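Novice: Structure of the sequence below:
(chains A and B)
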Amino acid sequence: SQQGEEDPQALSIQEGENATMNCSYKTSINNLQWYRQNSGRGLVHLILIRSNEREKHSGRLRVTLDTSKKSSSLLITASRAADTASYFCATGNSGYSTLTFGKGTMLLVSP
Amino acid sequence: DTAVSQTPKYLVTQMGNDKSIKCEQNLGHDTMYWYKQDSKKFLKIMFSYNNKELIINETVPNRFSPKSPDKAHLNLHINSLELGDSAVYFCASSQGGRDRYGYTFGSGTRLTVV
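Specialist: Below is the predicted model:
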């Protein structure tokens, strides 16, 4: 069953602006991951945050995790047209299991 | 230097046919996966193999049969194709049979059943 739900479903911004996407999930997790998918391509792993972490940075990406609210956010700062893609959160549980993906947020960055 | 490669990239076939999709990874990962992405971009796990052994088999029709000849390869064979099988199929790999590490995805195989 689906675990993560991204919000918003679609986001349109101008280059240079920041983009924030949210993800909510239902059950306890071991980690939460964010992926990017360009049109017609496979998913690319962006960042992983473990359940005992609250915030993580990677370049222009900042991810937060609030396990009490079962939610995460992905912030892309100073967005570029090349950031146009769909962004998915995926949750990992303890034990032998696979990642469960949300429906994704489509981000459009206009020049 | 493709890390996870799938073939073919596109596959158009008629209902009732049998087809295979191949996947190979050169990352030395020990776990491989097949995901199905529908027209609404929802990704659903189908199978997971760790060191050639099946560890996850979600509710998938038995017309779908994965095969892992070695830990670098995971192929997907589909019998008696149906219209509803049309989707993009992604192969992925990771190190460790658990979900604690990022996955590396192939570029997908777009299957269209007519």
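Novice: What are the boundaries of the strands in chain A?
Specialist: Remark: strands assigned in chain A by DSSP state E are A:5-7, A:10-14, A:19-24, A:31-37, A:43-50, A:55-58, A:61-66, A:71-76, A:85-92, A:100-101, A:105-110.
Novice: give the contact list for A:Ala78.
Specialist: Counting by CB atoms under 8 Å, 6 or more residues apart in numbering or on different chains, A:Ala78 touches A:Gly16, A:Asn18, A:Arg60. Bear in mind the C-beta positions are built from the backbone N, C-alpha and C, glycine included.
Novice: ok, the residues you listed vs chain B, which is closest?
Specialist: Nearest to chain B out of those is A:Arg60 (CB to the nearest CB; 18.0 Å).
Novice: Who wins on neighbours among the contacts of A:Ala78?
Specialist: A:Arg60 (14 neighbours; other CB atoms under 10 Å in any protein chain shown).
Novice: still on that earlier bit, out of the contacts of A:Ala78, which are inside helices?
Specialist: Nothing among the contacts of A:Ala78 maps onto helices, per DSSP state H.
Novice: So which residue is dead centre in chain B?
Specialist: By CA atoms, centre = their mean, chain B has its centre lying nearest to B:Trp34, at 3.0 Å.
Novice: what residues are up against that residue?
Specialist: By CB under 8 Å, 6+ apart, the neighbours of B:Trp34 are B:Cys23, B:Ile45, B:Met46, B:Phe47, B:Pro66, B:Leu74, B:Leu76, B:Tyr89, B:Phe90, B:Cys91, B:Ala92.
Novice: And B:Thr13, how close does it get to B:His77?
Specialist: 13 Å (CB to CB, to the nearest Å).
Novice: got a pLDDT number for residue 31?
Specialist: No chain was given, so I picked chain A. What the model reports for A:Asn31 is a pLDDT of 89.
Novice: try chain B instead
Specialist: Per the predicted model, pLDDT is 90 at B:Thr31.
Novice: What parts of chain A come near chain B?
Specialist: Within chain A, the positions near chain B by CB under 8 Å from any CB of the partner chain are A:2, A:30-31, A:33, A:35, A:37, A:40-45, A:48, A:86, A:88, A:92-93, A:95-101, A:103-104.
Novice: Out of these, which end up buried?
Specialist: The neighbour-count test (16 or more other CB atoms under 10 Å in any protein chain shown) applied to the residues of chain A next to chain B identifies A:30-31, A:33, A:35, A:37, A:42-43, A:45, A:48, A:86, A:88, A:92-93, A:97-101, A:103-104 as buried.
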